[in-house]
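Trainee: when you get a sec, could you give me coordinates for this:
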Amino acid sequence: MRLALTLLAAIGMALSSAALKEHYNVGSSPCSINERWDCGTVNKSPYADIRGVPVAAIGMAGYLLLAVLVWTGPVQLLLVSAGAALGFSLQLTALEASVLQVWCIYCVASLAVISLMTLLALVYSIASFRTQRKSRARQEEFAAVGS
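Mentor: This next block holds a predicted model:
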């Protein structure tokens with residue numbers, strides 16, 4: 001499970017990196033497919049920055065944090081962080097759909113990645129909880145037999 005989550009975080013970082021490159025691209029957009037699918041329009045919109053920080057850079061940092069939490073943090077913190085990242089991504093997707101009315105293929109792919117990461121983090125959290133509960137039950141049995 002950890003390897004799958006780490007792989008997804010790496011894919012998310014690559015997608016965010018591509019979006020960041022597009023944010024600073026001054027030439028034509030390589031992912032400008034038509035008037036509905038144009039990464040350049042999305043990544044250069046007023047919604048592409050939060051207080052001067054590109055959203056794509058925030059995405060890179062978020063995926064890095066998730067990768068670190070997969071290996072070092074409590075699984076519940078991973079789940080909460082992935083859920084928060086999913087919420088952030090859904091807000092950005094809502095802006096693409098309702099305000100910009102233009103989609104970025106990197107952003108849509110990132111939404112798919114963070115959705116899958118959140119689902120896997122939920123499964124991982126449930127499995128971890130069950131393992132801990134079984135371990136405590138075994139310890140209690142052992143302690144009762146030893147008394």
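Trainee: other SSEs contacting the helix or strand hosting A112?
Mentor: Using DSSP states H and E, A112 sits in helix 105-146. Using 3 or more Cβ pairs under 8 Å, 6 or more residues apart in numbering; DSSP states H and E as the contact test, the elements touching helix 105-146 are helix 2-24, helix 39-43, helix 55-72, helix 75-95. In this view, the C-beta of every residue, glycine as well, is placed from N, C-alpha and C.
Trainee: rank the ones you listed by mean pLDDT and give me the bottom one.
Mentor: Mean pLDDT is lowest for helix 39-43 out of these, coming in at a mean of 89.
Trainee: could you pull up the mean pLDDT of the following helix or strand past it?
Mentor: For helix 39-43, the following helix or strand on the C-terminal side (DSSP H and E) is strand 49-50. Average pLDDT, strand 49-50: 96.
Trainee: now swap in stretch 131-146 and tell me
Mentor: Averaging pLDDT along stretch 131-146 gives 69.
Trainee: most tightly surrounded among the helices and strands packed on helix 105-146?
Mentor: helix 39-43 (a mean of 24; mean count of other Cβ atoms under 10 Å).
Trainee: what's that one packed up against?
Mentor: Short answer (3+ Cβ pairs under 8 Å, 6+ apart): helix 39-43 packs on helix 2-24, helix 105-146.
Trainee: quick one: closest of those to A57.
Mentor: A57 lies closest to helix 2-24 among the helices and strands packed on helix 39-43, at 5.7 Å (Cβ to Cβ).
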